[in-house]
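In: How does the following fold in three dimensions:
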Amino acid sequence: MDTTEMRRLFEAHRAAEAARDIDGILRTFVSDCFLETKALGLRSQGTDAVRAAYQQQYFTAFPDLAPEDEGIAYGDDVIAVWGTLRGTSRGDWLGIPPGGGSFAVPFANVVPFRDGLMAGESIYFDLATLCAQANIPLGEIRKAAARRRP
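Out: Numbers count the residues shown, from 1 in each chain. Below is the predicted model of the structure:
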């Protein structure tokens, strides 16, 4: 894919995320997509698992979750995006009750492309800082994530 096509598709993906349109998000991915949250060591594989990750790990826990993209770099069928991730802990995250605090942490996403769509997304952020700002117990989140790993 050329950079214009990758950018257009990624912007459609971000717009669907902002609208909390999970079907729209999934339309930007290949059918065997993945969503990898590196800070938690979690990887969701396939459409059903990615749908559940968006619903349960992100949009329920942080209903106002909003990445502010500040930069983008292009490679062969891959982009890297970075910026500031903002949100407020308002719902259970991996079974841990909300802390109620807001956070603003640096993030980076690496997005490979295949067959004209996004193959998946690897998300990097500082878990300890997010938890401290959101009033979520870091140790409990790490334990909850560990219980979900194969």
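In: State the distance from residue 112 to residue 71.
Out: Using Cβ to Cβ, to the nearest Å, residue 112 is found at 18 Å from residue 71. Any C-beta I mention is one placed from the backbone N, CA and C, and that applies to glycine too.
In: what does residue 57 give?
Out: 25 Å.
In: do the same with residue 2
Out: 19 Å.
In: pull the longest helix from the protein.
Out: Under DSSP state H, the helix in the chain containing the largest number of residues is helix 3-19.
In: List the contacts of residue 30.
Out: 114-115, 117-120 (Cβ atoms under 8 Å, 6 or more residues apart in numbering).
In: swap the cut-off to 7 Å and go again
Out: Residue 30 is in contact with 114-115, 117, 119, counting by Cβ atoms under 7 Å, 6 or more residues apart in numbering.
In: Buried ones among the residues you listed?
Out: Among the contacts of residue 30, those classed as buried by 16 or more other Cβ atoms under 10 Å are 117, 119.
In: Give me the subset of the contacts of residue 30 lying in strands.
Out: 114, 117, 119 (DSSP state E).
In: any idea what the closest residue to the second one other than its chain neighbours is structurally, helix, strand or coil?
Out: Beyond its immediate neighbours in the sequence, the residue positioned closest to residue 117 (Cβ to Cβ, 6 or more residues apart in numbering) is residue 30, lying 4.8 Å away. Applying DSSP: H, G, I helix; E, B strand; the rest coil to residue 30 yields a three-state assignment of strand.
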